[in-house]
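[1] What follows is a predicted protein model with its sequence.
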Amino acid sequence: MFTGIITNLGRIEKKDSISGRVRLSIRFQKREKRPVYAGESIAVDGVCLTVVKSAKRVFRVDAVTETLSGTTLGTVSKGQYVNLERSLRYGDELGGHFVTGHVDGIGEIVKIDKRPKNWLFTIAAPKKLMQMIAVKGSVTVDGVSLTVQALRGNQFQVTVIPYTLKETALGKRRMGQTVNLEIDLIARYLKRLSRALTKPHTKSKISLKSLLRQGF
């Protein structure tokens, strides 16, 4: 579990293909306060990956075919900067919103309005995701927890303040680039529940068993 509060930037040092998967070697741009161990989870641009090896400020993670095709990690290249967040530990501050690290879809930056006090990003998203995005609600963009400012058709807008632009890779993103999107966890479950409630019922009604089947 994560919060969408980026704790470090990473730079892709190597991208190797190994037996149907890709191994990424990523260098922390700032020294971590605690060691990174093999087996722990790190969100890379919002994608939860398992560390397979770590040495000093470089760690390695593997991404399988499904991850590569369903996220932007399939097109990441050497030298590119990525957002990093280590998984929550008991007692950590919950500064953003609950983020699973399971990307729901890929969006595209269609416009960046660089205003004096912030940047306004306009992002196109798949229709199935737009149904779960709400104004003033939370959405994760490349692992960064952001608040939705407006909705326009298949696009939504988020404002990014200077601190976030400096401390995350969003300040390096450009128009036309793709980004990983994760919908707010509550919105995802509410969508599932609404589908269950709108299905035609004959004898059965909402019960504890039906709620459990829907993931509650």
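    Yep, it's here.
[2] I'd say Lys136 and Leu146 touch.
    No: assessed by Cβ atoms under 8 Å, Lys136 is found out of contact with Leu146, at 11.3 Å. (Each C-beta comes from the backbone N, C-alpha and C, glycine too.)
[3] if you count what's nearby, which of the two comes out ahead?
    Comparing Lys136 with Leu146 by neighbour count (other Cβ atoms under 10 Å), the higher total belongs to Leu146, at 24 against 7.
[4] got the phi/psi numbers for that one?
    Dihedral pair for Leu146: phi -130, psi 160, per degrees, to the nearest 10.
[5] Please name the residues that touch it.
    Residues near Leu146 by Cβ atoms under 8 Å, 6 or more residues apart in numbering: Gly4, Ser138, Val139, Thr140, Val158, Thr159, Val160.
[6] so it bridges to which residues?
    Going by DSSP bridges, Leu146 is paired in beta bridges with Val139.
[7] from the middle of its chain, how far away would stretch 29-45 be?
    In this view, stretch 29-45 has its centroid 16 Å away from the chain centroid, taken as Cα atoms, centre = their mean, to the nearest Å.
[8] Correction: the previous question concerned stretch 58-67.
    Stretch 58-67 sits 15 Å away from the centroid of its parent chain (Cα atoms, centre = their mean).
[9] measure that stretch end to end?
    End-to-end distance for stretch 58-67: 21 Å, by Cα to Cα, to the nearest Å.
[10] Report the spatially nearest residue to the residue most central in space within the chain, omitting neighbours in sequence.
    Geometric centre of the chain, nearest residue: Gly46, 2.9 Å, by Cα atoms, centre = their mean. Nearest residue to Gly46 in three dimensions, chain neighbours excluded: Gly143, at 3.4 Å (Cβ to Cβ, 6 or more residues apart in numbering).
[11] surely that neighbour meets Val179?
    No: using Cβ under 8 Å, Gly143 makes no contact with Val179, being 9.4 Å away.
[12] Report the set of residues contacting both of these two.
    In contact with both Gly143 and Val179: Asp45, using Cβ under 8 Å, 6+ apart.
[13] So the two - more neighbours on which side?
    Set Gly143 next to Val179 and count neighbours by other Cβ under 10 Å: Gly143 wins out with 30 against 25.
[14] Give the other helices and strands that the strand or helix carrying Lys111 contacts.
    Using DSSP states H and E, Lys111 sits within strand 105-114. Helices and strands touching strand 105-114, by 3 or more Cβ pairs under 8 Å, 6 or more residues apart in numbering; DSSP states H and E, are strand 119-124, helix 127-130, strand 178-183.
[15] in its sheet, what does the first one sit against?
    With DSSP bridges as the test, strand 119-124 is paired with strand 105-114 (antiparallel), strand 155-160 (antiparallel).
[16] Thanks a lot, catch you later.
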